[in-house]
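Novice: Below are the sequence and a predicted model; questions follow.
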Amino acid sequence: MRAAILLAVAASCGAQSAPDRVIQSDADIGNLAFSVDGSTLAGNCRDGKVRLWDARSGALKRTIPREQGDNSVTLPSPADILGSVGSEGIRIWDLQSGELKRRLSSVPKRIRGLAFSPDRKLLAGSGRTSDTGSEETVRLWDAAGKERFAAPAGLGGTSAMALSPDGGTLVAASYDTNVRAFNTRNGELLRLIEELPVAMFAIVFSPDGKYLATAGADRTIYLWDTKTWKLSRKLTGQPEMIQSMDFSPDGRRILTGGFNDITNQHPVSIILWDVGSGKALRTLPAPHAVRAVAFSPDGRFAATGCQKEISLWTLPAAEAR
């Protein structure tokens, strides 16, 4: 019965049975990002290496290994830099040349996740406040490496972070199910979103900064108005928990992927959503959990990561309004 329902939903939403092209990776994909011009697709892989492929041919262009002592690697979008956290602090690399651009040495060793502002002038990090407790702290550094603030970020760990397009707001989602929005100038808590029933695994700002999208274990996309921080609308219908999400460059569509709560090996759906109507425009199939989704800079293509395979899909054009 469930399979029949999913097939009916897929048919009604314009399911596409196969991708236009598949790129094979030597390791599972953690997240994906296109270069600014769309010619290169970068993948942060579970073996600690970042791989760069030619987006048109699928040929592997470059492999950047994890440095000794690194315990976390972050690949922001667009794929121009690479952030790593390790025993020597935070290091930021030029993705094309592989050269070290910047080093932040005086940072807590417990920092794990990183998030960059679009202009790369701000860097946020999150980690446990102490070695023994479950409290989490988020920190923000400027381009010179000076820490602007450190603020409490809930219990149990930070599940996702994002900086707004204008660099004015840092948002951190916590496994305690709360989402916190901070003013990046002084660390002021702008909004504590406490009404979410479950943890959010993916958060992303719309390109114009008007909305924040959050999604996670309850298979629902929440769109928050960033002026009022009130819930604007919900997008429902994803069959699985949502772990990966991206806005299209024009802000009119959202792409989501996730995983089955029983096993990562179960087939899942990748869904292309219309933000204005909240309707699913297209459903794309994936044989296993989808850890990464990304729009190309022109919005015409999508890349999705499923274990060691990257699928490239041609997307329908956004309807005129």
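Specialist: On my side now, so go ahead.
Novice: what about Ala162, helix or strand, and which?
Specialist: Using DSSP states H and E, Ala162 sits in strand 158-163.
Novice: Pull that strand out as CSV, backbone CA atoms only.
Specialist: The C-alpha atoms that make up strand 158-163 are tabulated as CSV, following Å, rounded to 0.1, in the frame of the first residue of the first chain:
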residue,chain,number,x,y,z
THR,A,158,24.5,21.8,16.9
SER,A,159,22.7,20.0,14.0
ALA,A,160,23.0,22.8,11.4
MET,A,161,24.2,26.4,11.0
ALA,A,162,23.8,29.1,8.4
LEU,A,163,24.8,32.8,7.9
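Novice: Please compute how far it lies from its chain's middle.
Specialist: 9 Å (Cα atoms, centre = their mean, to the nearest Å).
Novice: what is the rounded mean pLDDT of it?
Specialist: Averaged over strand 158-163, pLDDT sits at 96.
Novice: List the strands paired with the helix or strand just after that strand, with their directions.
Specialist: With elements assigned by DSSP H and E, the helix or strand that comes after strand 158-163 is strand 169-174. Strand partners for strand 169-174, identified by DSSP bridges, are recorded as strand 158-163 (antiparallel), strand 179-183 (antiparallel).
Novice: Just the residues contacting the shortest one, thanks.
Specialist: Contact with strand 179-183 is made by 138, 140, 149, 151, 153-154, 168-174, 188-193, 196, 200, 203, 212, 214, 226, 229, as judged by Cβ atoms under 8 Å, 6 or more residues apart in numbering. Bear in mind the C-beta positions are built from the backbone N, C-alpha and C, glycine included.
Novice: Mind checking what secondary structure Thr132 has?
Specialist: Per DSSP: H, G, I helix; E, B strand; the rest coil, the local secondary structure of Thr132 is coil.
Novice: now the chain, which segments are flagged as low pLDDT?
Specialist: 1-16, 318-321 (pLDDT under 70).
Novice: Going along the chain, name the helices of it.
Specialist: 2-12 (DSSP state H).
Novice: Now do the buried residues in whichever strand in it runs longest.
Specialist: Ranked by residue count under DSSP state E, the longest strand found in the chain is strand 147-155. For strand 147-155, burial by neighbour count (16 or more other Cβ atoms under 10 Å) applies to Arg148, Phe149, Ala151, Ala153, Gly154.
Novice: Excluding chain neighbours, give the residue nearest to the last one in space.
Specialist: With Cβ to Cβ, 6 or more residues apart in numbering as the measure, Ser174 is the residue that lies nearest to Gly154, at 3.2 Å, once sequence neighbours are left out.
Novice: C-alpha coordinates for stretch 114-124, PDB please?
Specialist: Presented in PDB, the C-alpha positions along stretch 114-124 are these (Å, rounded to 0.1, in the frame of the first residue of the first chain):
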ATOM      1  CA  LEU A 114      31.800  25.500  10.600                       C
ATOM      2  CA  ALA A 115      29.700  27.900   8.500                       C
ATOM      3  CA  PHE A 116      30.900  30.800   6.300                       C
ATOM      4  CA  SER A 117      29.100  34.000   5.300                       C
ATOM      5  CA  PRO A 118      28.600  34.400   1.500                       C
ATOM      6  CA  ASP A 119      31.300  37.100   1.300                       C
ATOM      7  CA  ARG A 120      33.600  34.800   3.400                       C
ATOM      8  CA  LYS A 121      34.200  37.700   5.800                       C
ATOM      9  CA  LEU A 122      32.600  35.900   8.700                       C
ATOM     10  CA  LEU A 123      33.200  32.400  10.100                       C
ATOM     11  CA  ALA A 124      31.000  30.600  12.600                       C
END
